[in-house]
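Participant: Sharing a model that was predicted from the sequence below.
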Amino acid sequence: MVALASEPPKKSNRVRIFIMLGVLAILLGGAALYVYHQRGAQTHQGVPGLLRQGNADFENYKARIRIENVTAKLLISYNNSRTATITGTIINDSDRKLEALELHITLYDMGDLVSKERTAFALRPGAGFGWKPVEPSEHRSFIIGVESVDRNWNPEKIAYEITGLKYQ
């Protein structure tokens with residue numbers, strides 16, 4: 001009787017090292033891109049050249065922006081923090097590109113009293129990986145989070161107002 005012995009094929013240690021280095025490079029590149037994106041989002045809190053109430057052109061340009069399909073949902077995290085997410089659609093009815101849009105959002109409770117207020121950018125230059133301005137006649141969705149909402153918050157009653165905008 002003949003006994004055949006087989007050995008597993010030997011892989012080169014060089015191949016394993018190159019594979020590990022490739023995976024490490026991809027992970028470090030992703031982490032660097034994430035950090036760069038987060039740093040850019042935090043440093044652009046203000047937008048230079050933003051038109052506000054009191055500016056002569058503000059009311060004229062404000063009339064050319066529509067906000068539609070505004071809805072609110074409540075998210076509760078594992079540590080029981082309550083966050084309202086406000087979503088909607090920005091419609092640019094002007095003939096110029098909309099670069100930034102700031103909204104003041106007011107949430108109400110069941111007794112129609114102000115529960116929470118927040119001013120935030122629905123559209124901001126440099127926010128997001130694929131950011132670009134809203135072209136004329138284009139629709140763009142947005143989402144804004146409002147943290148620490150009350151237990152008796154009424155998601156059916158939301159008020160919003162355009163407080164700042166910038167065109168290119």
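Facilitator: Received, thanks. Residues are numbered from 1 along each chain as shown.
Participant: Could you measure from Leu21 over to Asp57?
Facilitator: 55 Å (Cβ to Cβ, to the nearest Å). Backbone N, C-alpha and C define where each C-beta goes, glycine included.
Participant: Oops, could you answer that again for Ser77 instead?
Facilitator: 41 Å.
Participant: And Lys116, by the same measure?
Facilitator: For Lys116, the distance to Asp57 - Cβ to Cβ - is 31 Å.
Participant: Looking at the two, which one has more neighbours?
Facilitator: Lys116 (16 against 10; other Cβ atoms under 10 Å).
Participant: What sits closest to the more buried one if chain neighbours are left out?
Facilitator: Closest residue to Lys116 apart from its sequence neighbours, by Cβ to Cβ, 6 or more residues apart in numbering: Leu107 at 4.5 Å.
Participant: The one you found contacts Ser115, doesn't it?
Facilitator: Yes - Leu107 lies in contact with Ser115 (Cβ atoms under 8 Å); the separation is 4.7 Å.
Participant: elements contacting the lengthiest strand in the chain?
Facilitator: The strand spanning the most residues in the chain, taking DSSP state E as the definition, is strand 153-167. Other helices and strands packing on strand 153-167, by 3 or more Cβ pairs under 8 Å, 6 or more residues apart in numbering; DSSP states H and E, are strand 51-52, helix 58-62, strand 65-76, strand 82-92, strand 98-109, strand 114-123.
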